[in-house]
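>>> Below are the sequence and a predicted model; questions follow.
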Amino acid sequence: MKNILISIPLLMTILMSCDFSTNPDKKEVDLNLSVVDKELAATDNVFTFNLLNQLSGEEDGNLFISPLSVSMALGMVYNGAEGNTKSEIAQLLGLSGYSEQDVNEYYDKMITLLPKLDDKVKFEIANSIWIREGFTLEKEFVDLNTEYFHAEIGNLDFTKQESVDIINDWVADATNNKIKKIIEDGIPSDVIMYLINALYFKGDWTSKFKKSNTYDETFYCLNGTNKTIDMMFQTEDFQYMENDQLQLIDLAYGDEKFSMTVILPKEGQNINELSKSLTSDQWNALLNMVYEKEVELHLPKFELEYKKELSGILKSLGMTSAFDGSLSDFTGINKTMGQSLAIDQVMHKTYLKVDEEGSEAAAVTSVSIEVTSMPYNTVMKVDQPFLLAIRERKNGTILFIGKISELGK
């Protein structure tokens, strides 16, 4: 049978910067999750560190991913999978043992409540499904993704350039023009569907850095080279901990509902070994040891881009049948053709900028499916490779996580 391709670009963008207006009508809420929701949030973080560990085994350079993007992307795919394919996605994401209703309600709460947590942080999530004219989706698949992922549905003539423009315009609008297009060279003739997930986050540090304090400093890269960077500086009370192996600091945004956590290995400790072995339990144990302390913080001002095709990583984590047309089962998407569909590629691209005012970050996940120092101060000087994560504080949902190995002008 001729292969039929479904390309599912799943776009997620988190953007944090300084100059924005909050919505006066927005009411802050607490992310009060049920026991099941909290368990699913915890399994999200298990998936986060499994992904980080696997990628760290392949990457010696910078690494920056959005695990929430990948999780939400596969969450939508999950609604179209059946049999062993669905079981493997569930195992990968930690959804085994939970009902489909539990899973979808959890994602629904993430989508509806996360944007309302902090009135000083702008956070938006949008989803859409674009279908080639003539291709039919199962009603339940559409209903689940519209009800729980709040996905917009559009039918387009994929042979026309106008359809490319419509999809790319939606992407640009959903990401505040930070990512202007997801389709570069037209829609291939065997592509029948796009699913797009977009997130937008914009916020300032709770304690900003003064631009006048930024200075030139040397960053000691993992590859042995030394490069000059812009180093920000401030002395303030932060959530902090350290032990014989590392220093950890938690930098809040806005009203402190979101933060960036930075882990700096101490001399003699290897960033690759840390990022390849860090588990969700160890992460939680470190965060449970933080306390308020005055810290003289030196943090790089930088921006970077990252790109990685994730199919091999996801296979190594146990999600195999979805990539094999002879084994996959996507009859939840289309009963007639579903057992001929398989994931072809999972492309992940990210962007991160950190400056005196806050942070700006973006991520795109594209999934295609085919048939077939002061003396009395504690000093933390981040002048060597380090880990960072952007997270929601109360329940610990990790939005982005990365290993920064090389910086410099």
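Here it is on my side, so go on.
>>> show me where the stretch 101-250 of the chain has helices.
139-147, 161-174 (DSSP state H, counting those that start in this stretch).
>>> So which residues make contact with the longest one?
Taking contacts as C-beta atoms under 8 Å, 6 or more residues apart in numbering, the residues outside helix 161-174 that touch it are 11, 13, 124, 126, 128, 130, 152, 154, 156-157, 179-183, 186-187, 194, 196, 198, 200. Yep, even glycine has a C-beta here, placed from its N, CA and C like the rest.
>>> can you give me the strands in the stretch 51-200 of the chain?
63-65, 122-132, 151-156, 193-202 (DSSP state E, counting those that start in this stretch).
>>> quick one: strands adjacent to the helix or strand where residue 350 lies?
Counting by DSSP states H and E, the element that carries residue 350 is strand 341-354. Using DSSP bridges, strand 341-354 pairs in its sheet with strand 291-309 (antiparallel), strand 359-371 (antiparallel).
>>> Show me which positions of stretch 127-138 end up buried.
127-132, 135, 137-138 (16 or more other C-beta atoms under 10 Å).
>>> Could you do stretch 291-305 as well?
Buried residues in stretch 291-305 (16+ other C-beta under 10 Å): 295-302, 304.
>>> can you check stretch 201-219 too?
By neighbour count on 16+ other C-beta under 10 Å, the buried set for stretch 201-219 is 201-206, 209, 214, 217, 219.
>>> Just send those residues back as a markdown table, with distance to residue 408 and pLDDT too.
Shown next, in a markdown table, are the buried residues of stretch 201-219 (distance: C-beta to C-beta, whole Å; pLDDT from 0 to 100):
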| residue | distance to residue 408 | pLDDT |
| --- | --- | --- |
| 201 | 27 | 76 |
| 202 | 27 | 76 |
| 203 | 27 | 77 |
| 204 | 26 | 88 |
| 205 | 23 | 94 |
| 206 | 28 | 95 |
| 209 | 19 | 96 |
| 214 | 15 | 96 |
| 217 | 10 | 95 |
| 219 | 6 | 94 |
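>>> nearest to residue 315, of those residues?
Of all those, residue 201 has the smallest distance to residue 315: 30.1 Å, by C-beta to C-beta.
>>> can you tell me how far the closest one sits from residue 394?
Here residue 201 is placed at a distance of 16 Å from residue 394 (C-beta to C-beta, to the nearest Å).
>>> Return the residues in contact with the closest residue to residue 140 other than its chain neighbours.
Once flanking residues are discounted, residue 140 sits nearest to residue 332: 7.0 Å by C-beta to C-beta, 6 or more residues apart in numbering. By C-beta under 8 Å, 6+ apart, the contact set of residue 332 is 79-82, 86, 138, 140-141, 338.
>>> got the contact list for stretch 86-93?
If you take C-beta under 8 Å, 6+ apart as the criterion, stretch 86-93 is touched by 43-44, 47, 71, 74-75, 77-78, 81, 95-96, 98, 103, 314, 317-322, 329, 332.
>>> An error on my part: the question was meant for stretch 309-325.
3, 50-51, 54-55, 58, 70, 77, 81, 84-85, 88-89, 91-92, 327-330, 340-348, 365, 370-372.
>>> The same query, at a cut-off of 7 Å, please.
Under the criterion C-beta atoms under 7 Å, 6 or more residues apart in numbering, residues 50-51, 54-55, 81, 84-85, 88-89, 91-92, 327-328, 340, 342-343, 345-348, 371-372 lie in contact with stretch 309-325.
>>> So how do I select the buried members of these in ChimeraX?
In ChimeraX, a selection of the buried entries from the contacts of stretch 309-325 looks like this (16+ other C-beta under 10 Å):
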select :50,51,54,55,81,85,88,89,92,328,340,342,343,345,346,347,348,371
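>>> What helix or strand is residue 260 located in?
Using DSSP H and E, residue 260 falls within strand 258-265.
>>> Check which residues of the helix or strand following that strand are buried.
Of the helices and strands lying after strand 258-265 in sequence (DSSP H and E), the nearest is helix 271-277. Neighbour-count burial for helix 271-277 flags 271-272, 274-276 (criterion: 16+ other C-beta under 10 Å).
>>> Of all pairs in those residues, which one is the farthest apart?
Counting by C-beta to C-beta, the most remote pair of the buried residues of helix 271-277 is 271 and 276, 9.5 Å apart.
>>> Low-confidence bits of the stretch 301-409 of the chain, can you list those?
366-367, 369-377, 409 (pLDDT under 70).
>>> so where's this protein shaky on pLDDT?
1-29, 366-367, 369-377, 409.
>>> hmm, 50 instead?
Applying pLDDT under 50 to the chain flags residues 1-26, 373-376.
>>> Mind checking which residue lies nearest the centre of it?
In the chain, the residue lying closest to the centroid (C-alpha atoms, centre = their mean) is residue 66, at 1.7 Å.
>>> Name the nearest residue to it, sequence neighbours excluded.
Using C-beta to C-beta, 6+ apart, the closest residue to residue 66 is residue 363 (3.7 Å).
>>> how close does the one you found sit to residue 51?
Taken as C-beta to C-beta, the span from residue 363 to residue 51 is 13 Å.
>>> and what of residue 33?
Note on residue 33: its distance to residue 51, by C-beta to C-beta, is 22 Å.
>>> Next: residue 60.
Distance from residue 60 to residue 51, by C-beta to C-beta: 17 Å.
>>> go on, residue 407?
Taken as C-beta to C-beta, the span from residue 407 to residue 51 is 23 Å.
>>> same thing with residue 235?
35 Å.
>>> again with residue 351
Separation of residue 351 from residue 51 (C-beta to C-beta): 18 Å.
>>> Please parse the chain into its domains.
5-204+304-371, 211-299+374-404 (automatic domain parsing).
>>> most neighbours per residue, which of those domains?
domain 5-204+304-371 (a mean of 19; mean count of other C-beta atoms under 10 Å).
>>> Now do that one: distance to the chain's middle.
9 Å (C-alpha atoms, centre = their mean, to the nearest Å).
>>> With stretch 254-265 instead?
Using C-alpha atoms, centre = their mean, the offset of stretch 254-265 from its chain centre is 15 Å.
>>> Give me the contacts around it.
117-121, 203-204, 206, 245-253, 271, 274, 359, 380, 382, 386-393.
>>> and with 6 Å instead?
Applying C-beta atoms under 6 Å, 6 or more residues apart in numbering, the contact partners of stretch 254-265 are 117-118, 120-121, 203, 206, 246-252, 271, 274, 382, 386-390, 392-393.
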